[in-house]
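K.L.:
Compute the structure for the input listed below.
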Amino acid sequence: MDQPTKKTLTGEAPQQHDWLSLIPILAGFYWLTSGDGSWGWLLCSFLPGSLLLASGVSLLLWPGEPKITFYMALGAVLGVLLALPAMLAAFWPALTGLIVSGVAFVIAGRIALKYAPLTDGAPRPPAETKVYAKAALDEALIGYFVAMAKIPSGDKAAIMCDEAHRLEEVLTDEGWLADPASFHRTPTAPEDARLQAARWYQQPFQWLSFSSAFVPHAQLPGSTVWAGHQRNRDCHARVLRHATPGQPWLLCIHGYRMGLDFMDFRLFTPDFLHHKMGLNLVMPLLPLHGRRKLGRLSGDYFLDGDLLDLLYAETQALWDLRRTIAWIRAQEPDARIGVLGYSLGGYNTALLAAYEPGLEFAVAGIPVADFASTLWALVPPPHRNYFTAQGLDLTLYEKLLTVVSPLVCAPKLAPEKLHIFAGSADRVVPPEQPLKLSRHWQRPVAWYPGGHLTFRGEEAVRRTIAGAISDAGWNAAR
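P.N.:
Below is the predicted model of the structure:
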């Protein structure tokens, strides 16, 4: 895969020390040394104080290390949140802690963008406080993801490396690396589909459930373990359907660690998409998310844990999404179907566009395009060094994920039916990711001056989604 040319964001000559680090250092020191010394104060101040002080000192000594700002932003967010209960122990110190945490939060975003590479083809993020804050929110999210990751260690790490080499042998011997499309089977419509009435606040909908029927190739290492995940064997989707027949269907694919009602209904707003635009909505749960979760949190083991689980998760995600579309077409053979996905959902939108014929459009929002490089950069150096010594390096990981990459097979939609939007200050999915998909699709990216978590309400986002619907001629269906 070709790599975009990069240059520094500011063009400034590098400095030995970044004196902006003094702000989080002082904020962390304040949290750890102020207050009334009670247990209530200590419980609220320890985490934000420790993270801010440690990340500030780290930035002073090693400016430019990307993970520093993850924890700086996370510490600042915790400082803002924990300042509220801390006020019960010591009001004025807690209020001051809230203020200094807010300042450190903005500084974390500013520093992150300062050291971020600027990718050719993407606009420079505006040098504005609100943009710094949006970038900091993304940094805190990555810090949370990294802190919660379950990276194989000890014997599990050795087993994963051995399975990676066996997986390479199988993929090569079966010809799946040479022809990734042959790795995927075409699902049929489920025969056991069932609908159950439900409601989210004032919004009625139906839960669609059916058996996934996904069976991983038996010769793949770990296939038996994956097939044994009971809660992941059933597909679930929320359905919002109009009484008037013939309305278009929009398949809405959520992001990583989502799949929960309060998240997904805010992400895919029924007021706009269902009521105003007149669309039938289907919101499927990706494998390991929501009702299908295996761990404590929605999405556990999809992008964290065993690096090879991603291959199974994405293979099943593609199968399940296509099976959901098959269910729609079983109800309405002439159904008009479009796809909209965000982040991980954007990745699956792009993957679906490469395999599912007959879609009327695909909108990939803030999409990851290459998970291998993205995840590899977040692996701790000791693990990365061990994996590399065992032969599982980035090159091999990219090779193994070829069969579930949206950058390998040509899309089955005409170029004018493909749409991408992304944020120039996105720290979760940096601009180089949507640009990779842009080059593969030969379609431009609609940029907005913001981050990953703050795309809602951006004009470029609304324009892209509305444009895809309008170009498909769906407005006439209202």
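K.L.:
dump the residue contacts of residue 229.
P.N.:
Residue 229 is in contact with 288, 294, counting by C-beta atoms under 8 Å, 6 or more residues apart in numbering. Every C-beta, even on glycine, is put in place using the N, C-alpha and C of the backbone.
K.L.:
which phi and psi does it have?
P.N.:
phi -70, psi 100 (degrees, to the nearest 10).
K.L.:
How confident is the prediction for it, by pLDDT?
P.N.:
What the model reports for residue 229 is a pLDDT of 93.
K.L.:
One more: residue 16?
P.N.:
So residue 16 comes in at 72 (pLDDT).
K.L.:
can you check residue 405 too?
P.N.:
Model confidence at residue 405 (pLDDT) stands at 97.
K.L.:
give me every residue that touches the residue lying closest to residue 435 once chain neighbours are set aside.
P.N.:
Nearest residue to residue 435 in three dimensions, chain neighbours excluded: residue 121, at 5.1 Å (C-beta to C-beta, 6 or more residues apart in numbering). Listed by C-beta under 8 Å, 6+ apart, the contact set of residue 121 reads 4, 431, 435, 438, 445.
K.L.:
Quick check, the last one in contact with residue 438.
P.N.:
Yes. Distance between residue 445 and residue 438: 5.0 Å, which falls inside the contact criterion (C-beta atoms under 8 Å).
K.L.:
what sits in contact with each of these two?
P.N.:
121, 420.
K.L.:
In terms of neighbours, single out the busier of the two.
P.N.:
Legend: neighbour count by other C-beta atoms under 10 Å for residue 445 and residue 438, higher for residue 445 (24 against 21).
K.L.:
got the domain boundaries for the protein?
P.N.:
According to automatic domain parsing, the chain comprises the domains 6-148, 155-477.
K.L.:
least reliable of the ones you listed going by mean pLDDT?
P.N.:
Minimum mean pLDDT among these: domain 6-148, a mean of 90.
K.L.:
That one: how far from the chain's middle?
P.N.:
22 Å (C-alpha atoms, centre = their mean, to the nearest Å).
K.L.:
and if you look at stretch 424-433?
P.N.:
11 Å.
K.L.:
What lies in contact with it?
P.N.:
Here stretch 424-433 has contacts from 3-4, 6, 112-113, 116-117, 119, 121-126, 131, 134-135, 138-139, 141-142, 343, 346, 366-370, 374, 422-423, 447-453, using C-beta under 8 Å, 6+ apart.
K.L.:
and it, which residues are buried?
P.N.:
Judged by neighbour count using 16 or more other C-beta atoms under 10 Å, the buried positions of stretch 424-433 are 424, 425, 426, 427, 428, 429, 430, 431, 432, 433.
K.L.:
Can I get the residues you listed in JSON lines including secondary structure and distance to residue 167?
P.N.:
Shown next, in JSON lines, are the buried residues of stretch 424-433 (DSSP: H, G, I helix; E, B strand; the rest coil; distance: C-beta to C-beta, whole Å):
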{"residue": "424", "secondary structure": "coil", "distance to residue 167": "37"}
{"residue": "425", "secondary structure": "coil", "distance to residue 167": "37"}
{"residue": "426", "secondary structure": "coil", "distance to residue 167": "31"}
{"residue": "427", "secondary structure": "coil", "distance to residue 167": "31"}
{"residue": "428", "secondary structure": "coil", "distance to residue 167": "27"}
{"residue": "429", "secondary structure": "coil", "distance to residue 167": "26"}
{"residue": "430", "secondary structure": "coil", "distance to residue 167": "28"}
{"residue": "431", "secondary structure": "coil", "distance to residue 167": "31"}
{"residue": "432", "secondary structure": "helix", "distance to residue 167": "27"}
{"residue": "433", "secondary structure": "helix", "distance to residue 167": "24"}
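K.L.:
in the stretch 351-478 of the chain, which spans are strands?
P.N.:
361-365, 418-423, 445-448 (DSSP state E, counting those that start in this stretch).
K.L.:
Surely residue 413 and residue 352 touch.
P.N.:
No. Checked against C-beta under 8 Å, the pair residue 413 and residue 352 is beyond contact range at 9.9 Å.
K.L.:
Which helix or strand lies directly C-terminal to the longest strand along the chain?
P.N.:
Ordering each strand of the chain by length in residues (DSSP state E) puts strand 203-211 first. Following strand 203-211 in sequence order, the next helix or strand is helix 223-227 (DSSP states H and E).
K.L.:
What residues sit buried inside that following helix?
P.N.:
Buried, per 16+ other C-beta under 10 Å, within helix 223-227: 226, 227.
K.L.:
for it, packing partners?
P.N.:
helix 309-331 (3 or more C-beta pairs under 8 Å, 6 or more residues apart in numbering; DSSP states H and E).
K.L.:
Each with direction, which strands does the next helix or strand after the helix it packs on pair with?
P.N.:
Beyond helix 309-331 on the C-terminal side, the first helix or strand identified by DSSP H and E is strand 337-342. Strand pairing for strand 337-342, using DSSP bridges, gives strand 249-253 (parallel), strand 361-365 (parallel).
K.L.:
Quick check: the gap between residue 375 and residue 330.
P.N.:
Separation of residue 375 from residue 330 (C-beta to C-beta, to the nearest Å): 36 Å.
K.L.:
and residue 197, what are its phi and psi?
P.N.:
phi -70, psi 140.
K.L.:
Cheers, nothing more for now.
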